[in-house]
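Peer 1: Kindly return the folded structure for what I paste below:
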Amino acid sequence: MIGLPSSVQLLACTTPIDMRKSFDGLASIVEGEMGQDAMNGHVYCFFSKRATQIRLLWWDRDGWMMLCKRLERGRFVPPWFGQGKPPDVWQMESADLAMVLAGIDARGAKKLPRWRPPTATK
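Peer 2: You can find the predicted model right below:
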């Protein structure tokens, strides 16, 4: 996990995002839909519609940084999943993000099965 200063917040967009968007597209979502300043140094988290992809966007004083992860099997379980209609912005703790990236369902705290490539059959 990337160590972040304590002043940095993790803010997640709870509406699914088109994952074809890059730095500028995600920054416009941060400012337009989330009502935040994209260059304030906080980390913004976006999930795809099927929750198989996640993107983290962070302005680091001199440029954008993006971390992307796509699951080959299974889905991410965001911390607000199953909580009814969440607000547009969800503040996450670093432990929440670590659990999401590791494939742990925070609601039941169970680890999702590890994906293995299919074995060749004769």
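
Peer 1: neighbours around the nearest residue to residue 87 once chain neighbours are set aside, how many?
Peer 2: Computed as CB to CB, 6 or more residues apart in numbering, the closest residue to residue 87 that is not its neighbour in sequence is residue 14, at 6.7 Å. Where C-beta positions appear, they are placed from N, C-alpha and C, glycine not excepted. Using other CB atoms under 10 Å, residue 14 is surrounded by 20 other residues.

Peer 1: Check residue 14 and give its pLDDT.
Peer 2: On the pLDDT scale, residue 14 is placed at 86.

Peer 1: That one reaches residue 91, doesn't it?
Peer 2: No - using CB atoms under 8 Å, residue 14 is not in contact with residue 91; the gap is 10.9 Å.

Peer 1: mind listing what the residue nearest to residue 87 touches?
Peer 2: By CB atoms under 8 Å, 6 or more residues apart in numbering, the contact set of residue 14 is 78, 80, 86, 87, 88, 89, 90.

Peer 1: Swap in 7 Å and give it another go.
Peer 2: 80, 86, 87, 88, 90 (CB atoms under 7 Å, 6 or more residues apart in numbering).

Peer 1: which other residues reach stretch 48-59?
Peer 2: So stretch 48-59 is contacted by 16-17, 19, 26-27, 38-39, 41, 43-47, 64-71, 75-76, 78 (CB under 7 Å, 6+ apart).

Peer 1: what separates it from the chain centre, distance-wise?
Peer 2: 4 Å (CA atoms, centre = their mean, to the nearest Å).

Peer 1: Next secondary structure after the host helix or strand of residue 44?
Peer 2: Using DSSP states H and E, residue 44 falls within strand 43-47. Next helix or strand after strand 43-47 toward the C-terminus (DSSP H and E): strand 53-59.

Peer 1: who does that following strand pair up with?
Peer 2: Sheet pairing of strand 53-59 (DSSP bridges) gives strand 43-47 (antiparallel), strand 64-70 (antiparallel).
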